[in-house]
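Visitor: Please work out how this folds:
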Amino acid sequence: MTEPVIKDAATVMLLRDGVAGVEVFVARRHSRMVFAPGMTVFPGGGVDPSDDDPVQDWVGPEPAVWADRLGVAGDRARRLVCAAARETFEECGVLLAGAGEPVRDVHRYAEDRARLVRHELSFGAFLHAHGLSMQTQLLTPVSNWVTPPGSPRRYDTFFFAAALPAGQEPDDATSEVDATAWQRPADVLTQFRANESLLLPPTWAQLRWLANFATVAEVLAAEPRIVRIGPNRRRGMVGDFPDRDAYFADAPEGFAGHA
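Guide: Residues are numbered from 1 along each chain as shown. As a prediction, this is how the structure comes out:
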């Protein structure tokens, strides 16, 4: 069987300060999805050819700075950051863009959001038409994980964190998920142990990392070193990766791929 091509992807952990600590926006992927059905995930998806749109309006650290932080070439860094902002808007309606300050009312862009999802409009053209610029300073890179061999689809995924812009609220208006929620990272991990949610290793690892922080500001100031984690198939269905034994210690009995 031929291995699928590894595609670049970006995932964004939207954060807010809750009464009991940091909360992250999570979604459960629909059971009919080819990749990660039924899994609890963060908004995100694959890099699209339109992420190379030359009219992309950009504010914040330049692509060269992102290239250094992500450990990739400049053009690739630009595409990944664009994909992070675009996918977040498409999947949950949160727009990491603005004119001077991040926008507060995104409802006016509902029709254009639908056109983006249908690939009838590029993100760059959308921003340009409304006089908006992508606010890259709102994103903080966190980690880089590669889907192991044997998966139906393979992604080289970069995880970012971002504070929820004031006045905005994510939604579930996408056919890819059937449930969404704001939750404390520790609570999602508890649900995983109780077999009340399903977590792939990268999501589990990000939640464990987020659980160390008391505020969103602390998360965004952390600036972790980005190291490419490329699991292999030497051990079990989900491969080998850092803290693998701890992951399976958390995983409920009977979980697919349990060692």
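
Visitor: which residues of the stretch 151-259 of the chain fall in strands?
Guide: For the stretch 151-259 of the chain, applying DSSP state E, counting those that start in this stretch gives strands covering 154-163, 177-183, 228-229.

Visitor: Take those strands and write them to CSV, including distance to Ala194.
Guide: No exception for glycine: its C-beta is placed from N, CA and C like everyone else's. Shown next, in CSV, are those (distance: least, CB to CB, whole Å):
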stretch, distance to Ala194
strand 154-163, 24
strand 177-183, 14
strand 228-229, 26
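
Visitor: what's near enough to touch Pro43?
Guide: The contact partners of Pro43, taken as CB atoms under 8 Å, 6 or more residues apart in numbering, are 11-12, 14, 25, 27, 87-88, 91-92, 94, 170.

Visitor: Including mean neighbour count, could the strands of the stretch 151-259 of the chain go into TSV?
Guide: Formatted as TSV, the strands of the stretch 151-259 of the chain follow (neighbours: other CB atoms under 10 Å):
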stretch	mean neighbour count
strand 154-163	23
strand 177-183	17
strand 228-229	15
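
Visitor: which one of those lies closest to Gly18?
Guide: strand 177-183 (7.0 Å; CB to CB).

Visitor: got a list of contacts for the closest one?
Guide: Taking CB under 8 Å, 6+ apart as the rule, strand 177-183 contacts 16, 18, 23-31, 91-92, 170-172.

Visitor: picking that back up, so which of the strands of the stretch 151-259 of the chain is nearest Leu116?
Guide: Leu116 lies closest to strand 177-183 among those, at 16.9 Å (CB to CB).

Visitor: returning to what we had before: nearest to Asp250 among the strands of the stretch 151-259 of the chain would be which one?
Guide: strand 177-183 (15.8 Å).

Visitor: just to revisit the earlier point, the strands of the stretch 151-259 of the chain: lowest mean pLDDT?
Guide: In terms of mean pLDDT, the lowest-scoring of the strands of the stretch 151-259 of the chain is strand 177-183 (a mean of 85).

Visitor: For it, which strands pair with it and how are they oriented?
Guide: strand 21-29 (antiparallel) (DSSP bridges).

Visitor: what inclination does the partner strand have with respect to strand 154-163?
Guide: For strand 21-29 against strand 154-163, the angle by axes from the mean of the first three to the mean of the last three CA atoms, to 10 degrees is 140 degrees.

Visitor: Identify those among the contacts of Pro43 that sit within strands.
Guide: Among the contacts of Pro43, the members falling in strands are 11-12, 14, 25, 27 (criterion: DSSP state E).

Visitor: now for the strands of the stretch 151-259 of the chain, which one comes closest to Val41?
Guide: The nearest among these, by CB to CB, is strand 177-183 at 8.0 Å.

Visitor: residues contacting the residue lying closest to Ala85 once chain neighbours are set aside?
Guide: Distance criterion CB to CB, 6 or more residues apart in numbering; nearest residue to Ala85, sequence neighbours excluded, is Leu96 at 4.6 Å. Shown in contact with Leu96 (CB under 8 Å, 6+ apart): 12, 84-85, 88-89, 102, 134-136, 138-139, 162, 165.
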